[in-house]
Each structure stands twice: as C-alpha cells, then as structure tokens.
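S.K.: Predicted structure and sequence below. I'll ask about it afterward.
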Amino acid sequence: VSTFWPKFGRHGKENITVRDVLDHKAGLITFGREFCVDEAKNSELISKLIEEAEPLWTPGTKRGYHALSYGFLVDEMLKRLHPEKHSISEIYEEEIWRQGITFHIGRRPTTSQHSLAVITNAPAWKSILSYLRRPLRFAHLVWNHYKYDVDLKSANYPYFLAIMRRDIMPYNDASVTELPLVSVMGVGTAEGFARAVHEVFKKGLISDKIWNLIRSPTGADEDIVLSNHKPYGHGFSYAPHPVHKKEWTIRFIGNGLQVVEVDRRDEIIIVMLRNGLRAGDDGEQEYERIAETVIKLAQ
C-alpha cells in the first residue's frame, strides 16, 4: 500500500499489502482515536488517522474481521489508485447503477430517512440463548476474547457506528445513513442489490482474467474476531458450490444474518436483507438450505 500511499507506511505498516487489507489481515481494526460522523465525511482527516494508526497485530500474521474500519481503509486506498480520485460510492453511481435499481451506498438526499425500515437488534436474551445452543462455540468466543481482545473493538469502532449498542441503534440516524461507507451503508432493497450485482455481469466490468483469479479462496485460517474458519480470499468469503463440485460461490454473511451470494458460473445472485437483525449464528443453517435449493432449482 505504501508504494502508492507513502504516508500509510508509518508505525509498522510499511509492508501491508492490498491483499492484507482486503483479507482483514492488516490489524487496523481501530485508528488510534475515536471520531464522529462529521469527521467521517472529511477524507483528509480520515487519511491522517489511518496514516498514524498502529496495527493491533503484526500485519499479515493473523486474520480478524475489520467490521467497520474496512470501508474507510478500502475507500482511501481506492481514491489513491483511481485516476480521478473517486470513492467506491462514486464509482458505483457512475459505472454500475442505472435508473430503476433501488440500491445505493449511503442514503440519497432525495430519499427520506422515514422511508427506510427501522433497524432493530435482537434482544439480549435471544443473544444469550443463541450462544447457549452452541456451548463449545461460545467457549471458543470467550477464549479468543481474552486471548486477543479485538472482537468488541471491531464491532464498536468507530463508536458512532457501533453495532452492539443497547442505548440506540445508530443505523436509524439520518446523519449516519447518508454516509457513503461501503462496509456498512448499503441502502435499498434485496432486489435492488441483486440487480446491482447483475449489472457487473452485464457490463463486463470484471474481466475473465480477474474472474479466474478470484473464483477460488486462498485460505481458511481462523478469524480471531469472529472465531471461525471460513474459506476467504481477494476480499471475499466463499462457500462450496452445491451442484458443481470443486467450484465455489462468493458468499458474504453480514451482521444479523444479511447475506449476498454470487454464483458467477450460472449468474445466480441471492440477496437476503433484514431490518430485524438476528442474534449470533441464528438462522445460518436455514439460509444454507435456502441457498442450496435456489441454486439447484435455477440450474
């Protein structure tokens, strides 16, 4: 990264690669100090925070989900690589979005906050029950929490975006939802999201050479934030294809069991969005069955 962003290479970050950032191996779950929603809109300020940040582990040696900081990191990298310094949301609006697609990165000014579904976290008792159903997984989560101390940092930095707050739900705040942050601020419908992904196919925005590069995962070592082992690579997560053996689908399961799954071979796109967020791993097995059924029926 420091080859195109020299000031990034401070405080032990000089050898961080683009792949380290994409695969959550950079150790930059936090940037050293808190910042507010107004500061988040200041690209120069965010850049300086990232430049002065110190990794929470030796970059490249561990993998830990950068739940919220990821969007800031990827956006600032891309601005330095794009010939016109465009952000991810600007590229999306110019090259992918078309009239009729009800999905954007950040709420558009013409879209009222009141038109969005109210986001709710699962009550605490459901979270407790979810973990009690899987005692070994819960024990592993506790072990990693005390061993690495990064899980809560990932979920709650920056605090104005914290996903585990019990006092308020940040994602019902108009000043937050208008933030064009790719890691957390997709605003729209499941159909709109699926159509946006399909535009990438239709417009040939990803060459066959790149598709061949990203068609398979590169590793499956443990994520010390999520305390799980799942195939990953190139900034994606993967799942075994239910029909074509030795093939993979690109799958990402987000907070509260929101899912995007892409079967590039058969051009099948599955999107599940919800405003009532699920607790822990609740519903993941049910989704597995849904995805398998959809892909098999679409063959």
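M.R.: In hand now; what should we look at?
S.K.: going forward, measure contacts between C-alpha atoms and count neighbours the same way
M.R.: Fine.
S.K.: Would you map the helices across the stretch 151-299 of the chain?
M.R.: Ranges of helices in the stretch 151-299 of the chain, per DSSP state H, counting those that start in this stretch, are 151-156, 174-177, 190-202, 208-214, 284-297.
S.K.: Let's have those in TSV, adding distance to residue 8, mean neighbour count and mean pLDDT.
M.R.: Listed next are the helices of the stretch 151-299 of the chain as TSV, based on distance: least, CA to CA, whole Å; neighbours: other CA atoms under 10 Å; pLDDT from 0 to 100:
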stretch	distance to residue 8	mean neighbour count	mean pLDDT
helix 151-156	20	19	96
helix 174-177	26	17	96
helix 190-202	31	18	95
helix 208-214	26	11	93
helix 284-297	37	13	93
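S.K.: Export these as CSV, with columns for distance to residue 250.
M.R.: Formatted as CSV, the entries for these read as follows, by distance: least, CA to CA, whole Å:
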stretch, distance to residue 250
helix 151-156, 23
helix 174-177, 26
helix 190-202, 12
helix 208-214, 9
helix 284-297, 12
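S.K.: Which one of these lies nearest to residue 164?
M.R.: Distances from residue 164 to each of those were compared using CA to CA; the minimum, 6.8 Å, belongs to helix 151-156.
S.K.: name the helices or strands packed onto the closest one?
M.R.: Packed against helix 151-156 by the contact rule (3 or more CA pairs under 8 Å, 6 or more residues apart in numbering; DSSP states H and E) you find no helix or strand.
S.K.: same thing but at 10 Å, please
M.R.: Here helix 151-156 is seen to pack against helix 69-81, helix 135-148 when contacts are counted using 3 or more CA pairs under 10 Å, 6 or more residues apart in numbering; DSSP states H and E.
S.K.: Ok, which of the helices of the stretch 151-299 of the chain comes nearest residue 138?
M.R.: Ranking these by distance to residue 138, with CA to CA as the measure, places helix 151-156 first at 13.2 Å.
S.K.: Give me the contact list for that closest one.
M.R.: Applying CA atoms under 10 Å, 6 or more residues apart in numbering, the contact partners of helix 151-156 are 28-30, 64-70, 141-142, 144-145, 159, 161-165, 224-227, 255.
S.K.: And stretch 281-291, by the same measure?
M.R.: For stretch 281-291, the surrounding residues in contact (CA under 10 Å, 6+ apart) are 126-127, 129-131, 133-134, 239, 241-242, 253, 255-259, 261, 269-272, 278, 293, 297.
S.K.: hmm, back to that, among the helices of the stretch 151-299 of the chain, which is nearest residue 102?
M.R.: Comparison of the helices of the stretch 151-299 of the chain against residue 102 by CA to CA identifies helix 190-202 as nearest, at 4.4 Å.
S.K.: Off-centre distance for the closest one?
M.R.: Put simply, helix 190-202 sits 17 Å off its chain's centre (CA atoms, centre = their mean, to the nearest Å).
S.K.: As a check, name the ranges of all strands in the stretch 151-299 of the chain.
M.R.: With DSSP state E, counting those that start in this stretch, the ranges of strands along the stretch 151-299 of the chain come out as 186-188, 232-233, 236-240, 248-254, 258-263, 268-272.
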